[in-house]
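got a structure for you, letters missing:
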């Protein structure tokens, strides 16, 4: 099925609060929780659970999540890292003994790449730490439980990607239950009603037993069993030992706006470093998506990735020079490498110190609190392993470990890998007032998407919907990046512009159209703006590359 993106959307405007997500039913679930007295954090967890039902080909409780929460009273951005760790018994030596090395890496969906699913704990920790305290876990997860039991009609874009990933669930694996996520043995088509009673049971276990309902008992044993049966290493002890961490977000300023990201092991550092480099140039004067603008953007992103693909690692296991990488002096040094009329032949990591598929959604409440929440399986259905009686697939985040013994992100037991999923938040420098709650999902596209929508809003004064609608570029394949990765240009960037970039030495393909535009990610943005009367109005946008919408609270 081909698909065109030729309609326009107006931004959603609201006085009381707003939810923006990639599925309309999930957006309505978030509004329902806000209307019941919940705050942005409560609604965010309700939305992510609903997305597990409405878009399981992108996200699920078998994956990880991160959260940035803006506390309106404190005018402070807080961070939650809900990523899981590798099996304690995994090591480079174990893989080498089985023939897996840097030159012969694991297949992406190998069971060794199944890391502990961190989402379940993170959902409950988000509620207990950032939530209103007015709603119970049952109140918050109840709508998703009802959807899973009663069924939901599947939206067209979700149906396309569910079908594209169905083969992962249909593989001949031992003790696997991929059929639990299919309809009569195949992916549901657009408009089909999909029921997921086993997933409802999993959610109910969280309601009834808290974290122990997932990281202990029947569900933990089922996870360990299916991983072990297929040659993996995760155990019930790995699951029982999992903990969410609360970490100070990292930030940089760009033209009067502080942009906030999760600290490593997340890749948000890439976006902040690119913004620092771009601040050295007159991006606004270049003209939006002009040849010079795109050339400078591409080079800044490539230089940033060259650093972060080396330095980003689990900060509990490895020292990461975040402060040095984010220094404006280092950004000036990197910016000086960009040549105005030709592409760099190669980008290598610098020396900052003297001797570095998914869903994202935004929620704001009527008290001004905001929550950007991102949850993912990775590569669609992740490993494709579905534990018995659980109704979800297990992620394959371990695919982002390096098998280079000298690399900071090298595989070790009980370690978090380089993580692609990143929520975003922006505040005004000086006042701490919220500027925007935003995110763009899509593997290694995510920091690239963050940079592009931030430039759209700050430099070109676009509203959230226009900032998302604007054509984007992506370096790499979405699930992979290296210094030689080609650049893809989205439909809307002219062939003449592409040809001129090629003449400068960039490897550019495009214009990319139809469903292939998923490469450029799917974002959600909510931003407060003052009306002429001084009254606060929420402006929201939802990416047209997905099925969803932004809806305001009445």
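Received it, and whenever you're ready, just let me know what you need. This one's a predicted model, so the numbers in the text were calculated from it and none came from an experiment.

state the distance from the nearest residue to residue 230 once chain neighbours are set aside to residue 285.
In this structure, residue 230 finds its nearest non-sequential neighbour in residue 111, 4.6 Å apart by C-beta to C-beta, 6 or more residues apart in numbering. Where you see a C-beta, it was placed from the backbone N, CA and C, and this is true even at glycine. Noted for residue 111: a distance of 52 Å to residue 285, by C-beta to C-beta, to the nearest Å.

for those two, indicate the residue with more neighbours.
It is residue 111, of residue 111 and residue 285, that has more neighbours when counted by other C-beta atoms under 10 Å, with 25 against 10.

nearest residue to the middle of the protein?
residue 421 (3.2 Å; C-alpha atoms, centre = their mean).

what's the neighbour count on residue 346?
9.

find the helix or strand that it is a member of.
Using DSSP states H and E, residue 346 maps to neither a helix nor a strand.

what pLDDT does it get?
If you check residue 346, the pLDDT there is 71.

residue 384 too?
Per the predicted model, pLDDT is 96 at residue 384.

isn't it right up against residue 166?
No. Residue 384 is beyond contact range of residue 166, at 9.8 Å (criterion: C-beta atoms under 8 Å).

the more surrounded of these two?
residue 384 (25 against 21).

give me the three-state assignment for the more buried one.
coil (DSSP: H, G, I helix; E, B strand; the rest coil).

from residue 173, how far out is it?
Relative to residue 173, and taking C-beta to C-beta, residue 384 is found at 7 Å.

and what of residue 521?
On the measure of C-beta to C-beta, residue 521 and residue 173 end up 30 Å apart.

name the residues of stretch 504-518 that come out as buried.
504, 506, 508, 510-512, 515, 517-518 (16 or more other C-beta atoms under 10 Å).

element containing residue 70, please.
strand 64-71.

and if you look at residue 537?
strand 536-542.

now do that strand, average pLDDT.
97.

so which elements touch the helix or strand just after that strand?
In the C-terminal direction, the helix or strand that comes right after strand 536-542 (DSSP H and E) is strand 549-552. When contacts are defined as 3 or more C-beta pairs under 8 Å, 6 or more residues apart in numbering; DSSP states H and E, strand 549-552 sits against strand 12-14, strand 18-21, helix 24-35, strand 536-542.

quick check: which ranges of the stretch 301-450 of the chain have low pLDDT?
Counting by pLDDT under 70, the low-confidence segments of the stretch 301-450 of the chain come to 347-357.

what about the helices in it?
322-325, 328-335, 446-458 (DSSP state H, counting those that start in this stretch).

residues contacting the second one, please?
Okay, so that is helix 328-335. 273, 276-277, 279-281, 300, 303-304, 324, 350, 352 (C-beta atoms under 8 Å, 6 or more residues apart in numbering).

a markdown table for those, including distance to residue 435 and neighbour count?
Listed next are the contacts of helix 328-335 as a markdown table, based on distance: C-beta to C-beta, whole Å; neighbours: other C-beta atoms under 10 Å:
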| residue | distance to residue 435 | neighbour count |
| --- | --- | --- |
| 273 | 20 | 31 |
| 276 | 17 | 25 |
| 277 | 20 | 27 |
| 279 | 16 | 18 |
| 280 | 21 | 17 |
| 281 | 21 | 18 |
| 300 | 21 | 26 |
| 303 | 25 | 24 |
| 304 | 21 | 30 |
| 324 | 26 | 16 |
| 350 | 29 | 20 |
| 352 | 27 | 21 |
